[in-house]
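**Student:** Show me how the following folds:
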Amino acid sequence: MEIWIDADACPVKPEAYRVAQRHGLKVHVVANAFMIVPAHPLIERVIVEAGPDAADDWIAGHVQAGDVVITGDIPLADRALKAGAAALAPNGRPFTEDSIGAAIAQRAIMEQIRSTGAITGGPKPFAPADRSRFLQALDEAVGRELRRRR
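**Tutor:** All right, here's what the predicted structure looks like:
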């Protein structure tokens, strides 16, 4: 079991490191630019080529069943779920087989609305409660997989 972080805009990397270290899990921090990560044998920095979806494609090509992917990118979350991994948004919202279809549809609707020139606002600001929800969701996802493996 490993943790994969779509790292370019991820606000919860330190929380993910803590949970991973507590459970002895490898973390892959994937970005298309240099990023400082803690010097720890379980934390690997992966720098991919610049370009749209390069980090997503790298993660999707390496993730395995039972892993956890941390991303706000809905198509990457869908690919992770199809690979048998868990997928969590940085705000702690888990993507599931039941919810991913609606998330993809909502994303498509918002893209269509934005293409007409409408101003849609964007996501609400990241809050301390989101960080707490993320920690709880990541602990639950890791615990669920560890129990399944016993």
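**Student:** which residues sit in contact with the residue nearest in space to the middle of the chain?
**Tutor:** Central residue of the chain (CA atoms, centre = their mean): Ile70, 1.6 Å from the mean position. Residues near Ile70 by CB atoms under 8 Å, 6 or more residues apart in numbering: Ile3, Trp4, Ile5, Asp6, Cys10, Val12, Ala16, Ala87, Leu88, Ala89, Pro90, Leu138. In short, each C-beta sits where N, CA and C put it, glycine included.
**Student:** Phi, psi for it please.
**Tutor:** Backbone torsions for Ile70, taken as degrees, to the nearest 10, come to phi -110, psi 110.
**Student:** and after the helix or strand bottoming out on mean pLDDT in the chain, which helix or strand comes next?
**Tutor:** Among the helices and strands of the chain, helix 100-115 carries the lowest confidence by mean pLDDT, DSSP states H and E, at a mean of 73. Downstream of helix 100-115, the next assigned helix or strand under DSSP states H and E is helix 128-149.
**Student:** before we move on, the earlier item: and the residue nearest to the centre of the chain, how far is that from Arg133?
**Tutor:** Separation of Ile70 from Arg133 (CB to CB, to the nearest Å): 13 Å.
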